[in-house]
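**Q** With the input below, show me the fold.
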Amino acid sequence: MKVLILTDVHANLVALDAVLEDAGTVDALWNLGDTVGYGPRPRECLDVMMDREAHPALVGNHDLACLGSLNLAEFNPVARAAAQWTANQLSHEHTTYLTALPPMTTANGYTLAHGSPRAPVWEYVTSAAVATENFAHFNTNVCLIGHTHVAMFAELPQGQAVAEAQRFRDGEMLDLSRARFMVNPGSVGQPRDRDPRAAYAILDTGRGTITAHRVEYDIRVTQHQMAQAGLPEILSHRLAYGT
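**A** Next comes the predicted model:
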């Protein structure tokens, strides 16, 4: 089965459309959360997930904030303003859809968590040390995560106590049978690894591999949409730099 793995779309419809076109025909779409927040097209991005029957799909911290399920005081002022704007854009159908999603689940022998298996909503897996601690919190061979907006993977070979963490670079294919893994495909809508291209991954469950992909999109269109929506300028500016 060929599975499109994406996360942190953040209401960037132009980037999402570019990913869907670049990925081509797939058997399934798995969404690791934060479909909305920050970006200018929350309704349309959720419509894509519902129309494409993304399953499993997770809820992320920004999704929860837009539902009013998290205290916005925990967000910085820019993220808070974007969450408040987004909340006013969503229909009852959209909020019902998001409310039903979990922050962590398993599917086809894979664990999926928005942040981490230890703390699915909030924890950022940004280092080998944090990843090492999290391997004890899931039982499958592979855990797919998002939240950091950085494409990376952590590998824990059999008999090794400490994981190794590396960037997951465009075109790189991992043989998932060689060790236990935590894999973050990177953000579709707001990458923060200094590569502004939209990020995603393709999981081949038959071959037991996962491959990193990046695709360019017209960032200026998204920036124009954000300006029209009155979203904080810093969110628009950072898209061009992948930061």
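
**Q** Could I get the phi/psi values of residue 43?
**A** Reported as degrees, to the nearest 10, the phi and psi values for residue 43 are phi -60, psi -50.

**Q** Residue 20 now?
**A** Residue 20 adopts backbone torsions of phi -60, psi -40, taken as degrees, to the nearest 10.

**Q** Could you check how many residues crowd around it?
**A** Per other CB atoms under 10 Å, the neighbour tally for residue 20 reads 18. Backbone N, C-alpha and C define where each C-beta goes, glycine included.

**Q** show me the contacts for it.
**A** With contact set as CB atoms under 8 Å, 6 or more residues apart in numbering, residue 20 has these partners: 4, 48, 52.

**Q** which residues sit in contact with the residue lying closest to residue 160 once chain neighbours are set aside?
**A** The spatially closest residue to residue 160, leaving aside those adjacent along the chain, is residue 179, at 8.0 Å (CB to CB, 6 or more residues apart in numbering). For residue 179, the contact set (CB under 8 Å, 6+ apart) comprises 155-158, 160.

**Q** repeat that for 6 Å
**A** The contact partners of residue 179, taken as CB atoms under 6 Å, 6 or more residues apart in numbering, are 155-157.

**Q** same question, residue 59
**A** Neighbour list for residue 59: 33, 98, 101, 103 [criterion: CB under 6 Å, 6+ apart].

**Q** Between which two of the residues you listed is the distance greatest?
**A** Between any two of those, the greatest separation by CB to CB is 11.2 Å, found for 98 and 103.
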